[in-house]
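> please find the sequence and the predicted model below.
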Amino acid sequence: MDISSISSLLQSLSGSLIGGNGKNEDLEEQRDQMQRKSFERSNKVYETNEAKKNAEAVR
């Protein structure tokens, strides 16, 4: 292997690594959004259950 082929190999590898990081960031963002939605749903369920308990306690 000559220097130019090694150089082009390294450039292609670094390009794929940079692209891979972008994909990981997208996946992390999707995961964060899903966790946020799940947390919001959990809060709504908790608030609904608390409201039911409070309504029953008032009766």
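Everything's here; your move. Numbers count the residues shown, from 1 in each chain.
> okay, now residue 29: neighbour count?
Residues lying near residue 29 (other C-beta atoms under 10 Å) number 10. Yep, even glycine has a C-beta here, placed from its N, CA and C like the rest.
> let the chain start at 34 from now.
I'll keep to 34 as the first residue from here, and by that count the last item is residue 62.
> quick one: residues contacting the one residue sitting closest to the centre of the chain.
Closest to where the C-alpha atoms of the chain average out (C-alpha atoms, centre = their mean) is residue 64, at 2.1 Å. Counting by C-beta atoms under 8 Å, 6 or more residues apart in numbering, residue 64 touches no other residue.
> that one sits in which helix or strand?
helix 36-91 (DSSP states H and E).
> any idea how far the residue nearest to the centre of the chain is from residue 42?
Going from residue 64 to residue 42 by C-beta to C-beta, to the nearest Å gives 33 Å.
> tell me the confidence at residue 52?
Note for residue 52: predicted pLDDT of 57.
> cool, the one 4 residues further on as well?
Reading off the confidence values, residue 56 has pLDDT 72.
> relative to residue 65, how far out is it?
Distance from residue 56 to residue 65, counting by C-beta to C-beta: 15 Å.
> same check on residue 71?
With distances taken as C-beta to C-beta, residue 71 is found 11 Å from residue 65.
> next one: residue 42
35 Å.
> tell me, how many residues neighbour residue 61?
Going by other C-beta under 10 Å, the residues that sit close to residue 61 add up to 10.
> and it, how close does it get to residue 75?
Distance from residue 61 to residue 75, counting by C-beta to C-beta: 21 Å.
> so where's this structure uncertain?
34, 48-55 (pLDDT under 70).
> 90 instead?
34-62, 91-92 (pLDDT under 90).
> OK, contacts around residue 67?
No residues are in contact with residue 67 under the rule C-beta under 8 Å, 6+ apart.
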